[in-house]
Structures are given as C-alpha cells and as structure tokens.
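Asker: structure, please.
(one chain, ligands or ions: 1)
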Amino acid sequence: MIVMSIAGIDPSGGAGLFADIKTFQNIGVYGTGIPIALTSQNPYKIFSLNPIEVSYIEEEIDSVLDGYNSIEFIKTGMLYSEEIIKLVSKKINEYNLKAIVDPVMVATSGGKLSKDNISDAILKYLLPKSILTTPNINEASYLSKIDIKNKEDALDAVLKIGKTCDVLITGGHLNGINTLNLGGEISIIKEKLIESENLHGSGCVFSAAIVSYLALGNDLKIAIEKSFKYVNNGIKNGKYGTLINKNF
Ligand code: PXL
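Answerer: A predicted model of the protein is given here:
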C-alpha cells in the first residue's frame with residue numbers, strides 16, 4: 001500500500017513530513033512525501049519558514065501520483081498558505097484522493113506555521129473534499145469560530161465543522177476528551193493524559209497513523225482506535241518527539 005503526506009519539513013524529525021514518513025514505515029505502508037515548506041526549528045522553537053513555490057509543489061504532486069496511480073489515501077499537515085490549500089484541494093479532485101486533514105496552523109512549541117489565518121481557506125476549499133479532519137482545540141476554535149474551553153464547546157464545534165467534513169477534535173489540550181462527529185454520529189473517546197516530554201509532533205503522527213491503517217483496509221472507526229493506541233505508545237515510549245516503539 002502506498003500513501004502520501006503533503007506537509008512541511010521539521011528537520012529535527014519529530015513533526016511534519018519526516019514524522020509522517022516514519023509513522024508510515026512503522027505501521028507498514030510505503031510513504032511518499034510532498035514537502036510544501038522547509039523550516040528551521042527544534043522541538044522547542046521555530047526559527048524560520050521557507051515555503052516552496054506553488055508551481056513546484058504541483059509538479060512534485062503530479063510526478064509522484066503519475067508514477068504511483070494506486071495512491072488512494074493521503075494526509076495533509078502544514079499547508080502554509082491559501083494558494084497551497086487551493087492547489088491541494090484541486091489535486092484531491094483531480095486524482096480522486098481520500099484525504100485526512102490535520103489543519104496545522106501553530107506548532108506545539110507556539111510558533112506560527114502558516115502565512116496568515118488560513119482557517120477559512122481550509123474550511124472553504126479543503127474540508128469539503130476530505131474524509132476527516134483532526135484539529136486540536138485551538139485549530140477547531142479557528143475552524144468553528146467557537147472558543148473551545150470545555151466538552152460542551154467541543155460538542156458544539158464538531159456539530160458545526162461536521163456539516164462540512166467528518167471531524168475528530170483531539171483531546172490533548174482538553175483533559176484527554178476527544179470529540180468525534182463521524183457521518184453525523186457524535187461520540188466522545190476519553191483517553192488518559194500521559195505526562196511526557198514527547199508531545200512534539202503527536203498530532204502529525206496521529207493523522208499519519210489513521211491514513212496508514214485506512215490504507216491497510218481498516219474502516220475509519222477502527223483506524224482511529226488503532227491510531228490512538230499507536231500515538232499513546234509513541235508518547236509513552238518516545239525519545240525525541242512522538243516516536244515510536246519498533247515493537248508496537
Ligand atoms: O505539529 C505540527 C507541525 C506540523 N508540521 C510541521 C511542524 C509542526 C510542529 O512543529 O514543524 C512542519
């Protein structure tokens with residue numbers, strides 16, 4: 001099975017495209033990766049961003065998908081700008097892809113990963129063509145325009161975002177309460193929060209795991225359950241970022 005991530009590069013390896021590729025490899029699918037920007041950063045700080053030209057990103061995507069026409073599932077991470085979001089939406093249509101959108105805007109370390117406020121562009125162009133989005137509460141607040149502070153707010157937000165796309169608001173910043181709207185079915189999955197230094201990239205790894213398990217033939221609910229286990233294991237046993245016990 002071949003999958004694709006379209007994301008930014010964190011050269012320290014814990015988040016972004018490199019983390020996605022490591023996750024694909026560990027779970028047992030073949031990862032391809034389209035870098036949309038270079039960054040200079042470590043797990044604690046983002047120093048700068050260096051986006052790749054939009055026409056070149058298009059060439060990258062076309063080269064890989066023309067060579068590997070069996071790719072069905074992709075994920076998106078950092079997309080940086082409205083222009084790139086529009087391009088990726090166009091490609092999802094063109095190649096009939098099933099996309100999981102991790103609507104990355106700000107790093108766990110606090111640095112900005114997008115040019116402007118891109119939440120409206122994600123909502124307008126990308127989510128209508130995607131099968132699932134996995135925002136944390138900050139990203140979900142931008143997307144829903146609800147300031148999410150508790151479980152009730154998160155439930156309101158999944159109803160709102162869920163009109164456009166299935167949604168799972170991750171609970172890492174909400175006492176481990178993950179809030180889901182899958183095809184109109186609302187549910188909560190409560191996870192125990194783990195005290196850890198290894199949270200850098202956990203959102204990236206989570207959505208990459210979902211893509212991997214879907215490509216291996218699991219349905220969305222099972223893929224999500226397995227991905228929670230995978231990420232928990234990574235956070236517990238990781239060393240640098242949310243990585244990833246080989247013996248998982
Ligand atoms: O974790 C979000 C994220 C996504 N993509 C890139 C990142 C980060 C966080 O640092 O660097 C490239």
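
Asker: which residues of the protein fall in strands?
Answerer: 2-9, 30-42, 45-51, 73-76, 98-101, 132-133, 167-169, 177-182, 185-190 (DSSP state E).

Asker: show me what the longest one is packed against.
Answerer: In this structure, strand 30-42 packs against strand 2-9, helix 16-27, strand 45-51, helix 54-67, with contacts taken as 3 or more Cβ pairs under 8 Å, 6 or more residues apart in numbering; DSSP states H and E. Placement of C-beta: from N, CA and C, glycine included.

Asker: and among those, the most buried is which?
Answerer: strand 2-9 (a mean of 26; mean count of other Cβ atoms under 10 Å).

Asker: that one versus helix 16-27: what angle between them?
Answerer: Comparing the axes of strand 2-9 and helix 16-27 via axes from the mean of the first three to the mean of the last three Cα atoms, to 10 degrees yields an angle of 150 degrees.

Asker: show me which residues of the chain sit near the ligand.
Answerer: Applying Cβ under 6 Å from any ligand atom, one finds that the chain approaches the ligand through 7-8, 10, 15-16, 39, 41, 77-78, 104, 107-108, 113, 201, 203-204.

Asker: can you tell me which of those residues is nearest residue 86?
Answerer: Taking Cβ to Cβ as the measure, residue 86 lies nearest residue 78 of the residues of the chain next to the ligand, at 15.5 Å.

Asker: so what pLDDT did the closest residue in space to the closest one that isn't next to it in sequence get?
Answerer: Leaving aside its sequence neighbours, residue 78 sits nearest to residue 8 (Cβ to Cβ, 6 or more residues apart in numbering; 3.6 Å). Model confidence at residue 8, given as pLDDT, is 97.

Asker: and residue 8, what does it touch?
Answerer: Residue 8 is in contact with 16-17, 35-39, 49, 77-78, 80, 104, 113, counting by Cβ atoms under 8 Å, 6 or more residues apart in numbering.

Asker: ok, of the residues you listed, which one's closest to residue 143?
Answerer: The closest of the contacts of residue 8 to residue 143 turns out to be residue 104 (Cβ to Cβ; 12.1 Å).

Asker: pretty sure the closest one is touching residue 113, no?
Answerer: Yes: contact criterion Cβ atoms under 8 Å: residue 104 and residue 113 qualify, at 5.4 Å.

Asker: any common contacting residues for the two?
Answerer: Shared contacts of residue 104 and residue 113 (Cβ under 8 Å, 6+ apart): 8, 78.

Asker: rewinding a little: so what's the residue nearest to residue 78 bridging to?
Answerer: Note on residue 8: beta-bridge partners by DSSP bridges are residue 37.

Asker: distance check, it against residue 105.
Answerer: Going from residue 8 to residue 105 by Cβ to Cβ, to the nearest Å gives 12 Å.

Asker: can you list residues touching both of those two?
Answerer: Common contacts of residue 8 and residue 105 (Cβ under 8 Å, 6+ apart): residue 113.

Asker: of all the helices and strands packed on strand 30-42, which one comes closest to residue 88?
Answerer: Nearest of those to residue 88, taken as Cβ to Cβ: strand 2-9 at 5.8 Å.

Asker: please export the C-alpha coordinates of the closest one as PDB.
Answerer: What follows is strand 2-9, C-alpha atoms only, in PDB (Å, rounded to 0.1, in the frame of the first residue of the first chain):
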ATOM      1  CA  ILE A   2       1.300   3.400  -0.900                       C
ATOM      2  CA  VAL A   3       0.200   6.600   0.900                       C
ATOM      3  CA  MET A   4       1.200  10.300   0.700                       C
ATOM      4  CA  SER A   5       1.800  13.100   3.100                       C
ATOM      5  CA  ILE A   6       1.700  16.700   2.000                       C
ATOM      6  CA  ALA A   7       3.300  18.700   4.800                       C
ATOM      7  CA  GLY A   8       6.200  20.800   6.000                       C
ATOM      8  CA  ILE A   9       9.600  19.600   6.900                       C
END
